[in-house]
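Enquirer: Kindly return the folded structure for what I paste below:
(one chain, ligands or ions: 2)
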Amino acid sequence: MTDTNDFPPIHLYNTLSRKKEKFEPINKDLVTFYSCGQTVYEDMHVGNAKTFLIWDLLSRVLRYFGYNLKHVQNFTDVGHLTDDNDLGEDKIEKRARMLNEHPMELIDRKINEYYADLDRINFLRPDLAPRATAHITEMIDLILQLIEKGHAYVRNGCVYFDISTFPTYSDFAKLDLKNLKAGARIDVIEDKKNPGDFALWIKAPPEHIMQYTSPWSKGYPGWHLECSTMAIKYLGETIDIHAGGIDHIPVHHTNEIAQSEGATGKKFSNYWLHSEFITQDGVKMSKSKGNFTAIRDLIDELGASPTRFTLLQAHYRTKGDFSMKQAKSSRKRYFRLVRSYHLGVQHLIRKNHQVQHEEFNQSTQILEKFNKSLADDLNTPQAFVQVNTIAKRIDQFRKSENLNQLAFATMLFETMMNVVGLIIPAIDEREIDDVDMMLKLRQNLRSEGKVKEADAVRQFLVNRKYVIQDMDDQTQWYREE
Ligand code: AMP
Ligand code: ZN
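Expert: Ligands and ions are numbered 1, 2, ... in the order given. As a prediction, this is how the structure comes out:
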């Protein structure tokens, strides 16, 4: 860990305690972070992307605050069933059959698309992105340990985790197991000792394509097992942070804890973070229900950076209803920031200004507040208040010709945007000269009464994503790409 004296301590809301807690990593030199990744069978929707983007933000913030980090995020490519009670069918096999495609082809295509989509919004790739199908041997080993320790039992080629052997099973999600037994789960597999037991290994029917040899049957692993296995393999038996969507609390993460802690006898993760749902028309955006907006479509509509900006606007633990109308208004807000920045940079370059060393207290405080907001459980809405404030300062300093402060404020703006992974369209001296020259030409044409020609010059710039704003005494411009 590098020197973090300048940064406030990070606090994270830990689902384990239902409280914000000061973040203290096990090993100060390397924070270990596992986030549950995509089940790769459908287009990534805005909800998935928002959740992955938050883990990208967390990684950026930890590194910005001086921590070294190892971030693992898996791809689920086998065993995620359509039904949480182990009764359903593998989501990937089902989709592949519909598309008349081999599941492995579908998986490879979806992983490529996943990166293609997220790369467009400057996604910070995890250090490792392991796939479940590449860890079948390790998963079988973990099941063997669980059987040996009396936490798992074999029935008809399947292996189940016996939740009655893990007394704290219901703690994490505050589950009411009595009611569960009383009939909440009607469709229960008869082989299970307790209705809440879950599958570690599932015997595959002959027509099932993705099946693997095991001591119990030709089959495939239960979904939850992969995350326990890969987190332990790549990060250790106790990790610092484990994250996922809020839907993971009652089943997936509850089961991951039981498996991991059952096998190792150690606490699995010190901090558990959960991202709230994005809804659409009030209903959880979901691939299986088909009510979703693909992230690709949103990027096509808004552009890359405005999409990233939009997804980071709400706090990650706040439920948000997605609408294209709101997304478009957030796009406008993004370009208002870009406008302030571009006008500020233009002003400095036109004045050929070099930064002088001066007292920059006012603006430094804004950066400190920005840091504090991020340290407060990734409070992005508050962090963006500070970004707005600095943009306003840029406008003020430009108008008041306070060039040193203006230079410093534009630099802080760049820093803040960089921390949250937003790429601001850059402008340089040459571009400013070129556009200024075109606008001068337009002005001359206008004063000569050549309106059509003047409009053509304007259109030339507009086609290149310049926004031209005629003010009373001058014309201003900035670029939307
Ligand atoms: P899946 O591929 O369905 O396992 O989802 C990938 C990730 O996106 C998981 O962490 C989910 O919890 C998360 N997720 C799924 N739906 C939503 C949603 N509507 N809003 C936010 N996150 C979601
Ligand atoms: Zn997981």
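Enquirer: Now do the strands in the stretch 101-250 of the chain.
Expert: 152-155, 158-161, 198-203, 219-221, 239-245 (DSSP state E, counting those that start in this stretch).
Enquirer: average model confidence for the first one?
Expert: By that I understand strand 152-155. Taken as a whole, strand 152-155 has an average pLDDT of 96.
Enquirer: May I ask you to confirm that Gln443 is in contact with Thr475?
Expert: Yes. Between Gln443 and Thr475 there is a contact under CB atoms under 8 Å: 7.4 Å. Glycine gets a C-beta too; all of them are placed from N, C-alpha and C.
Enquirer: Tyr341 and Leu422 touch, don't they?
Expert: No. Contact criterion CB under 8 Å: Tyr341 and Leu422 do not qualify, at 11.0 Å.
Enquirer: the more surrounded of these two?
Expert: Neighbour totals were compared for Tyr341 and Leu422, and Tyr341 leads with 24 against 21 (other CB atoms under 10 Å).
Enquirer: Now the strand or helix carrying Glu93: average pLDDT?
Expert: Using DSSP states H and E, Glu93 maps to helix 91-98. Helix 91-98 comes out with an average pLDDT of 85.
Enquirer: That one - contacts with which helices or strands?
Expert: Applying 3 or more CB pairs under 8 Å, 6 or more residues apart in numbering; DSSP states H and E, one finds that helix 91-98 contacts helix 103-120.
Enquirer: Residue numbers of this structure in contact with ligand 1?
Expert: Contacts of the chain with ligand 1, taken as CB under 6 Å from any ligand atom, map to 36, 38-39, 47-48, 50-51, 244-245, 247-248, 275, 277-278, 284-287.
Enquirer: Contacts only, for Val31.
Expert: Val31 makes contact with 25, 62, 67-70, 240-241, according to CB atoms under 8 Å, 6 or more residues apart in numbering.
Enquirer: if you set the cut-off to 10 Å instead, what comes out?
Expert: For Val31, the contact set (CB atoms under 10 Å, 6 or more residues apart in numbering) comprises 1, 23, 25, 58-59, 62-63, 65, 67-71, 235, 239-241, 271.
Enquirer: the helices in the stretch 151-300 of the chain, which residues?
Expert: Along the stretch 151-300 of the chain, counting by DSSP state H, counting those that start in this stretch, helices occupy 177-179, 223-235, 254-264, 295-302.
Enquirer: Would you reformat those helices as CSV and include distance to Leu461?
Expert: What follows is these, written out as CSV (distance: least, CB to CB, whole Å):
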stretch, distance to Leu461
helix 177-179, 65
helix 223-235, 50
helix 254-264, 54
helix 295-302, 21
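Enquirer: Can you work out which residues contact both of Tyr341 and Leu422?
Expert: Glu414.
Enquirer: Show me how to select, in ChimeraX, the buried members of the residues of the chain next to ligand 1.
Expert: In ChimeraX, a selection of the buried entries from these looks like this (16 or more other CB atoms under 10 Å):
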select :36,38,39,47,48,50,51,244,245,247,248,275,277,278,284,285,286,287
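Enquirer: Asn74 reaches Met139, doesn't it?
Expert: No. With contacts counted by CB atoms under 10 Å, Asn74 stays clear of Met139, the gap being 11.9 Å.
Enquirer: Show me the common contact partners of those two, please.
Expert: Common neighbours of Asn74 and Met139 (CB under 10 Å, 6+ apart) are 132, 226, 229-230.
Enquirer: Can you pull out the low-pLDDT segments for this protein?
Expert: 1-5, 179-187, 356-361 (pLDDT under 70).
Enquirer: Look at the nearest residue to Gly236 once chain neighbours are set aside and give its secondary structure.
Expert: Counting by CB to CB, 6 or more residues apart in numbering, Thr32 is the residue found nearest to Gly236 once chain neighbours are left out, at 6.2 Å. With DSSP: H, G, I helix; E, B strand; the rest coil as the basis, the three-state label of Thr32 is strand.
Enquirer: residues contacting Thr32?
Expert: 25-26, 69-72, 231, 234-236, 238-242, 269-270.
Enquirer: State the distance from it to ligand 1.
Expert: Thr32 sits 18 Å away from ligand 1, going by CB to the nearest ligand atom, to the nearest Å.
Enquirer: With adjacent residues omitted, what lies nearest to the residue positioned nearest the centre of the chain?
Expert: Taking CA atoms, centre = their mean, the centroid of the chain lies closest to Leu53, which sits 1.7 Å from it. In space, and not counting its chain neighbours, Leu53 is closest to Leu311: 5.2 Å by CB to CB, 6+ apart.
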